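J.: I need the structure of the sequence given here:
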Amino acid sequence: MTQNSVLPSRQATDAVLLGRVWNPAVSGPSIVTIRGDDVIDITHCDAPTVRDVCEMRAPIDYVKRATGPSLMSVSELMHNSIESNRDSNRPWLIAPNVLQAIRAAGVTFVKSMLERVIEEQARGDHAEADSVRKNIQSVIGEDIAAVKPGSFEAERLKKVLIEKNAWSQYLEVGIGPDPEIFTKSQPMSAVGFGADIGVHSESTWNNPEPEIVLAVSSVGVCVGATLGNDVNLRDIEGRSALLLSKAKDNNASCAIGPLIRLFDEQFTMKDVCAADVSLHISGDDDFELSEVSSMSQISSTPSELINATINASHQYPDGFVLFLGTMFAPTQDRDAPGKGFTHKENDIVTVQNPMLGALRNRVRPAHQCAPWTFGCAKLMRNLASRGLFDVHGQRRTA
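T.: Next up is the predicted model:
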């Protein structure tokens, strides 16, 4: 992929980008921004982590004025971030979030909600999905897309569907008053642009979940957005929703990137709400899938999902990133009629939006992806060794 396709369009003139690279020179992460064709290291004792930048009153002002050395050109960084190209002696992109919790909103789009109902009714058996899909659609109908979650109409529809024995736990969170907010992955466990993404080796029915991801501070202020791939195992979650953790939280199963675009006058929450997100999958078997969908179809607004995540009953002292839910549930047959879609090893998955850039990853079995070994303790020790924290873990002043 070229620099122009990975970064937001018109990046050089108006997008303020915040991200992280693995920097071999310091054996740890560095905070970066993009200026022209240069990747600028803005790691500083005033803001040793992306979490610290996001907690500022005006993160965008800090990033605009921050200074630091150029690590390499953008094109060199993008090339080296592709895992198969990587020179381990040079920097590469990693997930832009760091200490923030990784949370996700589920079944926020009608299309994906119905697919969750289908996999539940099929008990995780992809061979049954096609016939179940036809039956569910005939019972529920198309009008469900117009139902506002938690409304009087939603409650009335619930009673009708219960009478028809067609109610589901996924419909409960899809059109009910309480959205599904769950932990996708552990802080610091997400992979970034170019990394391999992991699918559990036991799964035979799975798919990508391309999403917009919000960066939210500890006081609930959304400071920017990026892209994410919430890899999902349909067969495992379909067997039981109580297996959600096994279906969602596996090694390298969460991808976020390429960088966070900070909100400013040119890029706001309104742009997120109107964004189109594209998904492209390319396989070694010459399989190609391309789809485009719109955030305008979301059932609950991003602000409503933020408020359901952080409130008087639930705090995040280091902030969080929030997956807004997938618009996609690929059903295109890959191997045989009626079998639907599932990943194969070496699939290249690209999630793209002109305002946010592109997130590209290669699919591998989770146990064959690079293991997650750099956690919070190693981060604190690394920052201390670089003079960015004192021995007690307190941020030093410049």
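
J.: mind pulling the model confidence for the nearest residue to residue 281 once chain neighbours are set aside?
T.: In space, and not counting its chain neighbours, residue 281 is closest to residue 289: 4.3 Å by Cβ to Cβ, 6 or more residues apart in numbering. Bear in mind the C-beta positions are built from the backbone N, C-alpha and C, glycine included. With respect to pLDDT, residue 289 has a value of 94.

J.: what's next to the host helix or strand of residue 247, contact-wise?
T.: Element membership of residue 247, judged by DSSP states H and E, is helix 244-248. For helix 244-248, the external contacting residues (Cβ atoms under 8 Å, 6 or more residues apart in numbering) are 104, 182, 184-185, 200, 230-234, 236-237.

J.: so which bits of it are buried?
T.: 244, 246-248 (16 or more other Cβ atoms under 10 Å).

J.: residue ranges of each domain in this structure, please.
T.: Domain ranges of the chain: 3-108+179-385, 110-175, per automatic domain parsing.

J.: buried deepest among those domains, which one?
T.: By mean neighbour count, with neighbours taken as mean count of other Cβ atoms under 10 Å, domain 3-108+179-385 ranks first of the domains of the chain at a mean of 19.

J.: if we can go back for a sec, would you check which pair of the contacts of helix 244-248 lies furthest apart?
T.: Greatest spacing in the contacts of helix 244-248, by Cβ to Cβ: 185 and 234 (18.0 Å).

J.: follow-up on the earlier one: doesn't residue 280 make contact with the residue nearest to residue 281?
T.: Yes - using Cβ atoms under 8 Å, residue 289 is in contact with residue 280, at 7.0 Å.

J.: for the chain, what helix or strand is lowest in average pLDDT?
T.: helix 11-14 (a mean of 59; mean pLDDT, DSSP states H and E).

J.: which is the next helix or strand following that helix?
T.: Next helix or strand after helix 11-14 toward the C-terminus (DSSP H and E): strand 17-23.

J.: neighbouring contacts of that next one?
T.: In contact with strand 17-23 (Cβ under 8 Å, 6+ apart) are residues 7-8, 11, 28-34, 39, 41, 50, 53, 59, 63, 71, 77, 91-96, 98, 192, 224, 257-262.

J.: those residues in helices, which ones?
T.: 11, 50, 53, 59, 63, 77 (DSSP state H).

J.: who are the neighbours in contact with the second one?
T.: Residue 50 is in contact with 18-20, 31, 96-98, 100, 260, counting by Cβ under 8 Å, 6+ apart.

J.: CA atoms only for stretch 46-57, dumped as PDB, please.
T.: Below are the C-alpha coordinates for stretch 46-57, written out as PDB (Å, rounded to 0.1, in the frame of the first residue of the first chain):
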ATOM      1  CA  ASP A  46       5.300  15.900  29.600                       C
ATOM      2  CA  ALA A  47       3.600  13.100  27.700                       C
ATOM      3  CA  PRO A  48       5.400   9.800  27.800                       C
ATOM      4  CA  THR A  49       2.400   7.800  26.500                       C
ATOM      5  CA  VAL A  50      -0.500   8.300  24.100                       C
ATOM      6  CA  ARG A  51      -2.800   8.000  27.200                       C
ATOM      7  CA  ASP A  52      -1.200  11.100  28.700                       C
ATOM      8  CA  VAL A  53      -1.800  13.000  25.400                       C
ATOM      9  CA  CYS A  54      -5.400  12.000  25.300                       C
ATOM     10  CA  GLU A  55      -5.900  13.100  28.900                       C
ATOM     11  CA  MET A  56      -4.800  16.700  28.200                       C
ATOM     12  CA  ARG A  57      -7.400  19.500  27.900                       C
END
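
J.: pLDDT of that stretch, averaged?
T.: Averaged across stretch 46-57, pLDDT comes to 96.

J.: look up how far residue 275 lies from the most far-flung residue of the chain relative to its centre.
T.: Centroid-distance maximum for the chain: residue 163 at 36.7 Å, with Cα atoms, centre = their mean. Distance of residue 163 to residue 275, given as Cβ to Cβ, to the nearest Å: 38 Å.

J.: ok, back up a step: wait, which of the contacts of helix 244-248 is closest to residue 366?
T.: residue 200 (5.2 Å).

J.: correct me if wrong: the closest one contacts residue 366.
T.: Yes - counting by Cβ under 8 Å, residue 200 touches residue 366, with 5.2 Å between them.

J.: so residue 93 is in contact with residue 256, correct?
T.: No - counting by Cβ under 8 Å, residue 93 does not reach residue 256; the two are 10.4 Å apart.
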